[in-house]
Structure formats: C-alpha cells, structure tokens
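Trainee: Next comes the sequence, and after it the predicted model I'd like to discuss.
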Amino acid sequence: MVLHLTTAAIQEVGSTPRGRLFIFPILGGSFEGDRVRGKVLAGGADWATATADGAFELDLRATLEADDGALIYLTFTGVRDDARQYLRTLPRFETAAPQYDFLNRLLAVGIGEIRPDGPVHIIEELL
Amino acid sequence: MTLRVSVSSPQNIGAVPHGTRRTVPLNGGDFEGPRLRGTVVPEGSADWLLLRADGVLELDLRVTLLTHDGALISMKSFGLRHGPPEVIAAIARGETVDPALYYFRTTPRFETAHPTYAFLNRIIAVATGDRRADGPIYAIHEVL
C-alpha cells in the first residue's frame, strides 16, 4: 500500500541520553492498497532519534481508519539516513476487524521518501 | 547472509496474559554472508516465543554474533510464524517441512561498535526462516 502522511511542525526535544529526539506529529493522511484503503487519523507521531553516526532511528505510531470504518493501529520502526537517501521501515498492524485480520499475521517493509507535502511510504507485505 | 542456530531445551513459562510463553536458549550456531561470517555466542542468546490466541507464534530472537575477526554484533529480530495446523504439528514433531508451506518471517536489526561492521547499524533487513529439528536457518537480506 501507499501511505501518505501530513505532519505538523517538528517538536525538537533535544539531546536525550539516546541522542537528539525529534517528534513529527501526524495531522492526517491517506493510504491505499489492494486490500485496504482509507485515511490516517490525527494523533499519531513519529519519534525520530538522531544517532551518533548521523542517521535517525524512527518509531512511529498512527491510527488508520479504513473506508468501511474499521480502525487499524500502525506502528513502525525504521532507519532514515539522508546522506544516502535511505528511509526503510518495518511496519506492524493490529486490528480487531475480521475483514483485515490478515494484517495481524504479516510482516512488512516500507520504503519511504520525504516530499514537500509530507512523507510517503510504500509498504509491502513480506511474502 | 545465512544464519544457522541450534536450540537447546525450551523453558515453558506457560500461560501469560498475552498468550503462551516459551523461551528457547540457543547453544550455538554460525553465520556466513558476503560481508560477514562467524559464530553465535550461546551465552545470552535465545528466542522468546509467544503463542498468541489466534495461533500465530511471535518470535523475539536476541543473538550475539562473533565475527571471524573478533567483532561482537548484537542482533534482535522480531518475527511471526504460522501455518496450517498439520504443518505446525509436523514441525513440533521435529520433522523437516518445506518452508514454503508456512509463514516464517523475521526482521533483524543489528548493533555493533566495530567500524568494519558499522553499516549494520544503519540497515533494515528481512529474513525467511526454515525451522529444522535442531534449530532454525535464516536467510537474511538487507532491504535495499
């Protein structure tokens, strides 16, 4: 699926014991795939910690609402290394909706890109 | 790279709030790929398993790798394993099963302080598992 996010102003928490922490709050967005599509609800964020080698460790939590009203909890961890245009993530999904139960049972990888209007992630199931 | 681990006797923790928990210590193993090779340090290496109510087995593998040139690499790998009941039962009996018949995928992350292997700190990887009687074999690939 393709996930588009719109984010609010960055919250720069600053230097923490694990590195410099930046929080990217999520305002909304959309997602569309073969089996599920809908919108991203406000309230999530991506917690990005800058590591000493110049990359970021990502930790995102978001709630997706499918077009039939089902809610899906999305989390991912990942690495963003702008020096080599590398943004790769490991999304996980949790849902109580039976029609999307397959999401509870799969692992996925995401390839992301930061665009002017927000991050875009192409997420594919590990087959 | 290919990682082979050998398992020792499981520690059956039993029913916990989120499912049935079992810890499987590792007693060794080895790994080999184009950029690194070496052995598994058994001390502290194990797979923490949680069988969920929906029949999916969640894997939480933590392994310390020792490269041929002496670097220590910490690997943590979350995974899922599930399949048709008869296939899962055959695996439990120790039979060798075609890995295409069930879903066994993991997502390793690596940490190291050794400069030669620093690239591992910055990559996302995926793995396909093949559960053999003496332990799983993982084919691990960087997400390019």
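Mentor: Yes, it's here. Only a predicted model underlies this, so the values are computations on that prediction, with no experimental measurement involved.
Trainee: what sits against the residue in chain A that chain B sits nearest to?
Mentor: Of all residues in chain A, A:Arg88 sits closest to chain B, at 3.9 Å by C-beta to the nearest C-beta. Where C-beta positions appear, they are placed from N, C-alpha and C, glycine not excepted. For A:Arg88, the contact set (C-beta atoms under 8 Å, 6 or more residues apart in numbering or on different chains) comprises A:Gly78, A:Val79, A:Val109, A:Gly110, A:Ile111, A:Gly112, B:Ile123, B:Ile124, B:Val143.
Trainee: try A:Glu125
Mentor: A:Leu106, A:Leu107, A:Ala108 are the contacts of A:Glu125 under C-beta under 8 Å, 6+ apart.
Trainee: Let's see the pLDDT reported for the residue of chain A closest to chain B.
Mentor: Here the pLDDT value assigned to A:Arg88 is 98.
Trainee: ok, the strand or helix carrying it: who's next to it in the sheet?
Mentor: Using DSSP states H and E, A:Arg88 sits in strand A:86-95. The pairing partners recorded for strand A:86-95 under DSSP bridges are strand A:71-81 (antiparallel), strand A:108-115 (antiparallel).
Trainee: what does the shortest one rub up against?
Mentor: Contacts to strand A:108-115, defined as C-beta under 8 Å, 6+ apart, come from residues A:3, A:76, A:78, A:80, A:87-93, A:119-126, B:107, B:124, B:126, B:143.
Trainee: Could you rerun that using 6 Å?
Mentor: A:Leu87, A:Thr89, A:Pro91, A:Pro119, A:Val120, A:His121, A:Ile122, A:Ile123, A:Glu125, B:Val126, B:Val143 (C-beta atoms under 6 Å, 6 or more residues apart in numbering or on different chains).
Trainee: Can I get those residues in JSON lines including secondary structure and distance to B:Val40?
Mentor: Converted to JSON lines, the contacts of strand A:108-115 look like this (DSSP: H, G, I helix; E, B strand; the rest coil; distance: C-beta to C-beta, whole Å):
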{"residue": "A:Leu87", "secondary structure": "strand", "distance to B:Val40": "31"}
{"residue": "A:Thr89", "secondary structure": "strand", "distance to B:Val40": "27"}
{"residue": "A:Pro91", "secondary structure": "strand", "distance to B:Val40": "28"}
{"residue": "A:Pro119", "secondary structure": "strand", "distance to B:Val40": "37"}
{"residue": "A:Val120", "secondary structure": "strand", "distance to B:Val40": "38"}
{"residue": "A:His121", "secondary structure": "strand", "distance to B:Val40": "33"}
{"residue": "A:Ile122", "secondary structure": "strand", "distance to B:Val40": "34"}
{"residue": "A:Ile123", "secondary structure": "strand", "distance to B:Val40": "31"}
{"residue": "A:Glu125", "secondary structure": "strand", "distance to B:Val40": "29"}
{"residue": "B:Val126", "secondary structure": "strand", "distance to B:Val40": "20"}
{"residue": "B:Val143", "secondary structure": "coil", "distance to B:Val40": "23"}
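Trainee: Closest one to A:Ala45 out of these, please.
Mentor: Distances from A:Ala45 to the contacts of strand A:108-115, taken as C-beta to C-beta, are shortest for A:Pro119 (12.0 Å).
Trainee: buried ones in stretch B:33-44?
Mentor: B:Leu36, B:Gly38, B:Val40, B:Val41, B:Pro42 (16 or more other C-beta atoms under 10 Å in any protein chain shown).
Trainee: May I see those residues arranged in a markdown table, with secondary structure and pLDDT as well?
Mentor: A markdown table is the format used below for the buried residues of stretch B:33-44 (DSSP: H, G, I helix; E, B strand; the rest coil; pLDDT from 0 to 100):
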| residue | secondary structure | pLDDT |
| --- | --- | --- |
| B:Leu36 | coil | 97 |
| B:Gly38 | strand | 98 |
| B:Val40 | strand | 96 |
| B:Val41 | strand | 93 |
| B:Pro42 | strand | 91 |
